[in-house]
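Student: need the 3D shape of this:
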Amino acid sequence: MQIRGSTILITGASSGIGAAFAQAAARMGARVVLLARNAAALETVAGAIRASGGSAHVFPADLTDPAAVEAVVARILAEVGTPDIVVSNAGSGRWLFAEETPPAEAAAMVAMPYLA
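Tutor: A predicted model of the protein is given here:
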């Protein structure tokens with residue numbers, strides 16, 4: 001897989017593994033497209049990438065909302081083009097035992113990585 005010169009779309013890019021992967025990919029010469037719900041956190045990650053000479057595009061969106069997904073995909077295609085690589089890293093949840101997790105919260109945790 002060629003990283004340098006590729007456009008890589010990364011969901012869950014506002015923190016943790018997603019942010020770290022975005023920064024590493026940008027250091028290797030990729031143009032990164034950052035997606036997550038938290039626009040301010042995405043801008044922070046993008047700012048760090050740009051400060052080190054990388055290319056980053058920010059697209060805040062709630063990937064559990066089908067209409068938001070459709071809208072952000074249209075924006076990305078129009079503004080950046082088709083990504084070469086998609087890293088589906090988005091996720092949500094809390095560290096609880098199964099019996100402590102409300103059913104609606106469990107459904108949301110499953111929906112994020114599998115349906116977005």
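Student: report pLDDT for the nearest residue to residue 37 once chain neighbours are set aside.
Tutor: Excluding the flanking residues, the one nearest residue 37 by Cβ to Cβ, 6 or more residues apart in numbering is residue 62, at 5.2 Å. C-beta coordinates here come from the backbone N, C-alpha and C atoms, glycine included. Here the pLDDT value assigned to residue 62 is 90.
Student: distance of residue 62 relative to residue 30?
Tutor: Computed as Cβ to Cβ, to the nearest Å, the residue 62 to residue 30 distance reads 25 Å.
Student: for those two, indicate the residue with more neighbours.
Tutor: residue 30 (26 against 16; other Cβ atoms under 10 Å).
Student: quick one: contacts for that one?
Tutor: 3-8, 55, 85 (Cβ atoms under 8 Å, 6 or more residues apart in numbering).
Student: show me which of those are buried.
Tutor: Neighbour-count burial (16 or more other Cβ atoms under 10 Å) applied to the contacts of residue 30 gives 6-8, 85.
Student: and for residue 64, the neighbour number?
Tutor: Residue 64 - counted by other Cβ under 10 Å - has 15 other residues nearby.
Student: doesn't it fall inside a helix?
Tutor: No - read with DSSP: H, G, I helix; E, B strand; the rest coil, residue 64 is coil and lies in no helix.
Student: so it sits against residue 111, correct?
Tutor: Yes - the criterion here is Cβ atoms under 8 Å, and residue 64 meets it with residue 111 at 5.5 Å.
Student: and for residue 15, the neighbour number?
Tutor: 14.
Student: let me fix that: residue 95
Tutor: There are 6 residues near residue 95, going by other Cβ under 10 Å.
Student: partner residues bridging residue 8?
Tutor: Residue 8 forms beta bridges with residue 32, residue 85, as assigned by DSSP bridges.
Student: do I have it right that it meets residue 31?
Tutor: Yes - using Cβ under 8 Å, residue 8 is in contact with residue 31, at 7.3 Å.
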